[in-house]
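coordinates only, sequence not included:
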């Protein structure tokens, strides 16, 4: 997947190295090889590869990871609807896909 | 098929036909759902071990550590693809980097094209109807002949845009320069617009050609941008940023096209 790159350094992904216990779960669940273990702690070695799927944050035993919590996958119409919903204060109405 | 030589139980999670990854992202394939199915199927009575192998892409929805306290089974993430499961089991239940990585091959991208095209046809029909009505407006109030001939030109332009935005962009994704999809769509629309010019230049006015090309660029760019939702590597933050840049230009190009299209009969 290194052949496919999206906009670099924009994904909302934060790792609190202090809290990290170095269990390596994030490395196991990340589909894009964003993490590596260095000196017994996880490190973000490829921030640009992150697609905010949230697998690492969902499975981190000590909540050391933060990923954009907004619902990720969807077509452009769904994102437009979510913007409109934010403006009008209504619930997201889906996109008809 | 991948499991035909293996001796194991399969616990089915009902995602209503949605793939594991999207279902995990949307909360259908979740920690709670796995716990519920383990209990409902009385899995503890079927097997004497207490471990579950989860598809790796369930990880956005399933917190493997929470399964133990919820249903007594220890969750372990396996490979992304089920075809790698025999290798995973032979490898002492360890996934190597290849088993852990998602791919987006030409074949996988090709499989998505029907999805993109099928999603377009409803808005396409509605747009055709509206443009058909607008195309007839002219100095003699409404001309059916003009409505039909101009609608056909619009249809050809739209089909060229669909080819560029929903077929060429997915297929040639890694080879079209740039990162942002709305820009990739514009690049893919250049040959489509050139083909459109060749087609239209002898059958309609220069103003119409400009309007049609503007429409090709706007709609191809939107369709390419829409494809971000089908790829396995685009982040929502990135998609929102490129949409904030792309959509104003797409709207401007569409309005330009519409304005010229409506004005054209009064100038020719």
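Looks like it arrived, so ask away. All values derive from a computational prediction rather than experimental measurement.

which ones are touching residue 56?
In the absence of a named chain, this looks at chain A. Contacts of residue A:56 were listed using CB atoms under 8 Å, 6 or more residues apart in numbering or on different chains, and they are A:25, A:26, A:29, A:30, A:34, A:35, A:65, A:67, B:59. Bear in mind the C-beta positions are built from the backbone N, C-alpha and C, glycine included.

um, chain B though
Residues in contact with residue B:56 (CB under 8 Å, 6+ apart) are A:28, A:29, A:31, A:55, B:77, B:78, B:79, B:80, B:95, B:99, B:100.

ok, which pair from those residues is furthest apart?
By the measure CB to CB, A:55 and B:99 form the most distant pair in the contacts of residue B:56, at 14.7 Å.

neighbour count winner among the two?
Each of residue A:55 and residue B:99 had its neighbours counted (other CB atoms under 10 Å in any protein chain shown), and the higher figure belongs to residue A:55 (30 against 18).

that one is in contact with residue B:60, isn't it?
Yes: counting by CB atoms under 8 Å, residue A:55 touches residue B:60, with 4.6 Å between them.

shared neighbours of those two, anything?
The contact sets of residue A:55 and residue B:60 overlap at residue B:24 (CB under 8 Å, 6+ apart).

what about residue 28, how many residues nearby?
By default, I'm working from chain A. Burial of residue A:28 is recorded as 20 neighbouring residues (other CB under 10 Å).

I was after chain B.
That count, for residue B:28 with other CB under 10 Å as the rule, works out to 16.

ok, how many other residues are close to residue 90?
If you meant another chain, say so; for now it's chain A. Residues lying near residue A:90 (other CB under 10 Å) number 10.

that answer is for a different chain, and I need it for chain B
9.

do residue A:36 as well
15.

also residue A:83?
Look at residue A:83: counted by other CB under 10 Å, it has 15 neighbours.

name the helices or strands packed onto the one helix or strand residue B:99 maps to?
Assigned by DSSP states H and E, residue B:99 falls within helix B:97-100. Helix B:97-100 is packed against no helix or strand, with contacts defined by 3 or more CB pairs under 8 Å, 6 or more residues apart in numbering or on different chains; DSSP states H and E.

for that helix, the distance to its chain's centre please.
24 Å (CA atoms, centre = their mean, to the nearest Å).

so which bits of that helix are buried?
If you call a residue buried by 16 or more other CB atoms under 10 Å in any protein chain shown, then helix B:97-100 has these buried ones: B:99, B:100.

can you give the contact residues for it?
Around helix B:97-100, the neighbours that count as contacts under CB under 8 Å, 6+ apart are A:28, A:30, A:31, A:33, B:56, B:78, B:79, B:80, B:81, B:84, B:87, B:88.

with respect to residue A:79, which of the residues you listed is nearest?
Distances from residue A:79 to the contacts of helix B:97-100, taken as CB to CB, are shortest for residue A:31 (21.4 Å).

state the distance from that closest one to residue B:233.
Using CB to CB, to the nearest Å, one obtains 9 Å as the distance from residue A:31 to residue B:233.

what's downstream of the helix or strand hosting residue B:108, the next helix or strand?
Residue B:108 is located in helix B:106-135, with elements delineated by DSSP H and E. For helix B:106-135, the following helix or strand on the C-terminal side (DSSP H and E) is strand B:137-138.

quick one: that following strand to chain centroid distance?
With CA atoms, centre = their mean as the basis, the distance from the averaged C-alpha position of strand B:137-138 to the chain average is 37 Å.
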